[in-house]
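In: Sequence plus predicted model, see below.
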Amino acid sequence: MMSGLLIWQYSTAAVNQSGSHAPLSVGWLEPLLDRIAANQSNVVAPVIDVIDDTTMQYKFGSAKATNVGGFDWNLQFNWHGIPQREMSRRKSDVDPLRWVTSFM
């Protein structure tokens, strides 16, 4: 908790602190910092990998299968496919998405 507060206090860009429910892998930060360096108004978030809740097996997913989080009018969170308009706009599967939902 204290480290998260220090990161927030001394950062010069938007920072998203991961919780213990979302452990971080080696190399997760550099691509995010690259996107911020390209445009300081970018808000970035890492892709959350999936671990099966019954087998604890890591499930690798390609960038093509990336989903985005969103809420319905009842404020229920769910995963959604990337909208077709956004797929058409992007030149590559790893290009940034224009999406407004944050995650906790």
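Out: Sure, I can see it. Numbers count the residues shown, from 1 in each chain.
In: ok, how many other residues are close to D49?
Out: By the criterion of other CB atoms under 10 Å, D49 has 14 neighbours. Using the backbone N, CA and C atoms, a C-beta is placed for each residue, glycine as well.
In: Please name the bridge partners of the spatially closest residue to it that is not a sequence neighbour.
Out: Excluding the flanking residues, the one nearest D49 by CB to CB, 6 or more residues apart in numbering is Y58, at 6.7 Å. On the basis of DSSP bridges, Y58 is bridged to I51.
In: Contact partners for Y58?
Out: 49-51 (CB atoms under 8 Å, 6 or more residues apart in numbering).
In: Buried residues in stretch 80-92, which are they?
Out: Using 16 or more other CB atoms under 10 Å as the test for burial, stretch 80-92 gives I82.
In: Now do it, average pLDDT.
Out: Across stretch 80-92, pLDDT averages out at 86.
In: how near is the residue nearest to D49 to N74?
Out: Taking CB to CB, to the nearest Å as the measure, Y58 falls 31 Å from N74.
In: Over to S62?
Out: 31 Å.
In: Which parts of the protein are strands?
Out: 50-51, 58-59, 67-71, 77-81 (DSSP state E).
In: Of these, which is nearest V94?
Out: strand 67-71 (14.2 Å; CB to CB).
In: hmm, who's touching the closest one?
Out: The set of residues external to strand 67-71 that reach it, using CB under 8 Å, 6+ apart, is 77-82, 97, 99, 101, 103.
In: and these, which are buried?
Out: Among those, the ones that count as buried by 16+ other CB under 10 Å are I82.
In: how many neighbours does S62 have?
Out: By other CB under 10 Å, 7 other residues sit near S62.
In: V47 is in contact with that one, correct?
Out: No: if you go by CB atoms under 8 Å, S62 and V47 don't touch, sitting 10.6 Å apart.
In: can you list the domains in this structure?
Out: The chain resolves into domains spanning 1-46, 61-104 when parsed by automatic domain parsing.
In: weakest of these by average pLDDT?
Out: domain 1-46 has the lowest average pLDDT among the domains of the chain, namely a mean of 68.
In: Not counting residues beside it along the chain, what's closest to N42?
Out: Distance criterion CB to CB, 6+ apart; nearest residue to N42, sequence neighbours excluded, is R35 at 5.0 Å.
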